[in-house]
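K.L.:
Build me a model:
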Amino acid sequence: DIDHDSLANFAANEHFTQANITTTGTIASGTWQGTAVDGAYVDLEGTELKSTGEGGGTKFLRENGDNSCSWQTVSTGSGHAKNLIINGGMDIQQRIVSGTPFDSGTTPANNDDTYLVDRWLNLSNGNDIVDVSQQSSGGVNGTEKYIRLDVETASKKFGICQIIENKNLYQVIGGSDVVSLSFEAKVNDASAGRLDNIKAVVLAWDSTADSVTSDVVVGAWGAEDTTPTWNTNWTAENTPANLSVTSSWARYTIENISIDTASTANIAVLIWADGLTATVTDTLEITNVQLEEGATANTFEYKSFRETYMDCLRYCWVPCSSAVGTQGASTMVAHGSAISTTKAVPTTELLVPMRAAPSLTVTAGDWRFSTGSTSVDCTALSLSTDGNAVVASGITRIGFDANTAGSLTQGDPAILVSDATTNRKMFLEAEL
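P.N.:
Residues are numbered from 1 along each chain as shown. Have a look, this model is predicted:
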């Protein structure tokens, strides 16, 4: 039996019930002491878990990874993180064979304001500042694809930028919403005078939707360790600061960024080296870039390879015959018929609608027509001007005007194929 007037025989597994406790006075001093309450003695329903000082609304309790917890607001919209960045894990690279760097001699070259790895602009203070390549086995977990920026010209600033299409931003523009940015990065040397100042910024475009200035930086990039001046109609939504990126892979976050520029129509993310390294071959490596709605940066949202590839095809299509970025000999791209002895008008259906009517970059002599009985080299190749490129309200089919020196038979089928050399390239681009 419990002797309520004495603690001498009060066992550890015994307790008072609420009914046994009455108010008899106030304890003016002293410290309550006791051992932690085991979960077996606690049976709380969610409505009984209180949060002192927290406002109303739906929230969840997050374990912070440091033996503490904090209340977090549930993101609006779908209820889980949605990455507004396409190809944030650097999985897709159509324009060149994986592992091969874009440099001053490739097509496309490593010039300023040029799309290289899918959806990512190479931005730099001049051309041939960094070689750009897709690499494997990186990131915090050591298994990720990542982008490598390899310094070729010393003492110049450089970075990567993604501009997000207006259609993909409805949940974060037009009000006073907040977003959070996260990414993984490392440099080969973070000592003074090397890559010791890596910054990131979220920019808002306040002019015509999707008619953006892709080079977000005005002219020269400014003095060392000084944030550049942004181009007209681009406004920084956060104040960039040195993230102290080290020579080991780590995750970096910038949270609770208000998208409060009036009339924001597009958003861009820029990650760049703001210091000036004097050492050629220094490297900045980046992966798992995520921009999401909400005040908190969540873990990276992985998408299937197919989904990411399809997302990229809206902005760029490079016909391939096997792995993305590679092409065998005689790869078929389009088919149609000859309308004369020197001209054919082949068309092809696209896997996804392109954002806008694409531009075409191609060397005509790398392509030919196969008619079943003969092959005829192209002398000129351009996108069709007779309506074949546009269907309904989206770009779902493209057509070509293709000329030869002759040898076609009017009315015969004509298939547009690459010649006998591997990795011939045709770039159809509708980038921002």
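K.L.:
low-scoring stretches of this structure, by residue?
P.N.:
By pLDDT under 70, the weakly predicted segments of the chain are 1-28, 31-68, 70-81, 320-329, 385-394.
K.L.:
ranges for the helices of it?
P.N.:
Ranges of helices in the chain, per DSSP state H, are 305-313.
K.L.:
Gln410 and Lys343 touch, don't they?
P.N.:
No. Gln410 is beyond contact range of Lys343, at 9.2 Å (criterion: C-beta atoms under 8 Å). All C-beta spots, glycine's among them, are computed from the backbone N, C-alpha and C.
K.L.:
higher neighbour count, those two?
P.N.:
Using other C-beta atoms under 10 Å as the criterion, Gln410 and Lys343 rank with Lys343 on top: 15 against 12.
K.L.:
how close does that one get to Lys145?
P.N.:
With distances taken as C-beta to C-beta, to the nearest Å, Lys343 is found 42 Å from Lys145.
K.L.:
ok, now Ser418?
P.N.:
Ser418 is 26 Å from Lys145, by C-beta to C-beta.
K.L.:
again with Trp205
P.N.:
For Trp205, the distance to Lys145 - C-beta to C-beta - is 28 Å.
K.L.:
Neighbour count: those two, which is higher?
P.N.:
Comparing Trp205 with Lys145 by other C-beta under 10 Å, the one with more neighbours is Trp205, at 28 against 20.
K.L.:
Just list the residues touching the more buried one, thanks.
P.N.:
Going by C-beta atoms under 8 Å, 6 or more residues apart in numbering, Trp205 touches 163, 212, 233-234, 264-268.
K.L.:
what about 7 Å?
P.N.:
By C-beta atoms under 7 Å, 6 or more residues apart in numbering, the contact set of Trp205 is 212, 233-234, 264-266, 268.
K.L.:
Repeat that for Thr404.
P.N.:
342, 369, 376-379.
K.L.:
now Trp234
P.N.:
Neighbour list for Trp234: 203, 205, 216 [criterion: C-beta under 7 Å, 6+ apart].
K.L.:
And stretch 311-330, end to end?
P.N.:
27 Å (C-alpha to C-alpha, to the nearest Å).
K.L.:
swap that for stretch 273-288, please
P.N.:
Start-to-end, stretch 273-288 (C-alpha to C-alpha) is 18 Å.
K.L.:
Equivalent analysis for stretch 253-273, please.
P.N.:
Note: stretch 253-273 ends 16 Å apart using C-alpha to C-alpha.
K.L.:
same thing with stretch 419-432?
P.N.:
Stretch 419-432 end-to-end distance (C-alpha to C-alpha) = 31 Å.
K.L.:
Mind listing what's buried along that stretch?
P.N.:
419, 423-432 (16 or more other C-beta atoms under 10 Å).
K.L.:
what's the answer for stretch 190-203, then?
P.N.:
Here stretch 190-203 shows 190, 194-203 as buried, counting by 16+ other C-beta under 10 Å.
K.L.:
isn't Lys199 right up against Val245?
P.N.:
No. Look at Lys199 against Val245 with C-beta atoms under 7 Å: they stay out of range, at 9.4 Å.
K.L.:
measure Ser137 to Glu285 for me?
P.N.:
Separation of Ser137 from Glu285 (C-beta to C-beta): 11 Å.
K.L.:
So those two - more neighbours on which side?
P.N.:
Glu285 (22 against 10).
K.L.:
which residues does the more buried one contact?
P.N.:
Taking C-beta under 7 Å, 6+ apart, we find Glu285 in contact with 138, 146-148, 185-186.
K.L.:
repeat for Thr361
P.N.:
Counted by C-beta under 7 Å, 6+ apart, Thr361 has contacts Phe427.
K.L.:
hmm, try it at 10 Å
P.N.:
95, 107-108, 318, 425-429 (C-beta atoms under 10 Å, 6 or more residues apart in numbering).
K.L.:
Turn the residues you listed into TSV, columns for distance to Arg355.
P.N.:
TSV is the format used below for the contacts of Thr361 (distance: C-beta to C-beta, whole Å):
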residue	distance to Arg355
Arg95	17
Thr107	22
Pro108	18
Val318	16
Lys425	20
Met426	18
Phe427	15
Leu428	11
Glu429	10
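K.L.:
May I ask which two of those residues are separated the most?
P.N.:
Thr107 and Leu428 (14.2 Å; C-beta to C-beta).
K.L.:
Asp366: neighbour count?
P.N.:
Quick note: Asp366 (other C-beta under 10 Å) scores 16 neighbours.
K.L.:
these two touch, right, it and Asp419?
P.N.:
Yes. Judged on C-beta atoms under 10 Å, Asp366 makes contact with Asp419 at a distance of 5.8 Å.
K.L.:
any shared contact partners between these two?
P.N.:
Common neighbours of Asp366 and Asp419 (C-beta under 10 Å, 6+ apart) are 377-378.
K.L.:
if you go through the stretch 51-200 of the chain in chain order, where are the strands?
P.N.:
With strands called from DSSP state E, counting those that start in this stretch, the stretch 51-200 of the chain shows them at 59-63, 69-73, 114-115, 121-124, 130-138, 144-151, 158-164, 178-187, 198-205.
K.L.:
The last one: partners in the sheet, and parallel or antiparallel?
P.N.:
Partner strands for strand 198-205, per DSSP bridges, with pairing direction: strand 234-236 (antiparallel), strand 266-273 (antiparallel).
K.L.:
just to revisit the earlier point, nearest to Gly275 among the contacts of Thr404?
P.N.:
For the contacts of Thr404, the nearest to Gly275 is Cys378 (47.8 Å; C-beta to C-beta).
K.L.:
Could you count how many residues lie near the closest one?
P.N.:
21.
K.L.:
Touching, it and Met426? I think so.
P.N.:
No. Using C-beta under 10 Å as the test, Cys378 is too far from Met426 to be in contact (11.1 Å).
K.L.:
For those two, list the residues in contact with both.
P.N.:
362-363, 366-367, 400, 416.
K.L.:
ok, back up a step: which two in the contacts of Thr404 are spaced the farthest apart?
P.N.:
Longest span within the contacts of Thr404, C-beta to C-beta: Thr342 and Asp377, 11.8 Å.
K.L.:
more crowded one of those two?
P.N.:
Thr342 (17 against 14).
K.L.:
Surely the more buried one is in contact with Asn403?
P.N.:
Yes. Between Thr342 and Asn403 there is a contact at 5.7 Å, judged by C-beta under 10 Å.
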